[in-house]
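Enquirer: only geometry, no sequence info:
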């Protein structure tokens, strides 16, 4: 079955601390992997994506993610979190011959000053 | 360069009424996707359309829900005889082609509340 698991429903960090959001996927073909961010009441904005090549991908707003095929993971990281990063983060998987994205249930990030 | 436009942003309906949600894709994009986000959940795929064609509706409920993407005008997601369980955020995304190497751009969503 195709699925995305984000095991952390809610994470709280202090401003300036490092961040890692976990994402595990199950997919029958070569996965295309995405991280989106959703601010309250807003749509989704793409942070970064992985299709092939270098397994460490850089995104916007200082985020990066690492694809680990052996662990079926695509964790999102940021070395120093800013208060404006507080939002909901969604991991998603798709593929070359499919049209839909499969989303995880999201991780809500709270940032304390 | 306008992104994906959705209207209305908020829609309130009473049980039994019809809801019509509109999506104008990014200019030049001919592929439209609809997703539904229930409270405290991730997005779930509903339907994928190209101009005048439904390509994949595997995520659409079998009854009351329909979608179209006419040759001219926006894509429409229509929900007939709404029930409280239809309350959700409905997101539209568009892309220039089916290949997911091309990003799906998301609109701001329509938040449907059924009283």
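Expert: Alright, I've got the coordinates. What you are looking at is a predicted structure, and each value in this text was computed from that prediction instead of being measured.

Enquirer: which residue lies nearest the spatial centre of chain A?
Expert: Nearest to the mean C-alpha position of chain A, counting by C-alpha atoms, centre = their mean, stands residue A:35 at 3.6 Å.

Enquirer: now that residue, nearest residue through space, not along the chain?
Expert: With sequence-adjacent residues excluded and distances taken as C-beta to C-beta, 6 or more residues apart in numbering or on different chains, residue A:35 is closest to residue A:47, at 4.4 Å. C-beta here means a position set from N, CA and C on the backbone, and glycine is covered the same way.

Enquirer: next SSE downstream of the strand or helix carrying the one you found?
Expert: Per DSSP states H and E, residue A:47 falls inside strand A:44-50. Toward the C-terminus, strand A:44-50 is succeeded by strand A:56-58 as the next helix or strand (DSSP H and E).

Enquirer: what's around residue A:83, how many residues?
Expert: Residues near residue A:83, counting by other C-beta atoms under 10 Å in any protein chain shown, number 12.

Enquirer: same question but for residue B:98, I mixed them up
Expert: Burial measure for residue B:98: 17 neighbouring residues, criterion other C-beta under 10 Å.

Enquirer: tell me the strands beside the strand holding residue A:47, with direction?
Expert: For strand A:44-50, sheet partners with direction are given as strand A:31-38 (antiparallel), following DSSP bridges.

Enquirer: which outside residues touch the strand it pairs with?
Expert: The contact list for strand A:31-38 (C-beta atoms under 8 Å, 6 or more residues apart in numbering or on different chains) reads A:21, A:23, A:25, A:44-51, A:59, A:61, A:63, A:65, A:67, A:74, A:76, A:87-96, A:101, A:106, B:100-101, B:106.

Enquirer: about what we covered before: so the residue nearest to the centre of chain A versus chain B, what's the distance?
Expert: Between residue A:35 and chain B the computed distance is 12 Å (C-beta to the nearest C-beta, to the nearest Å).
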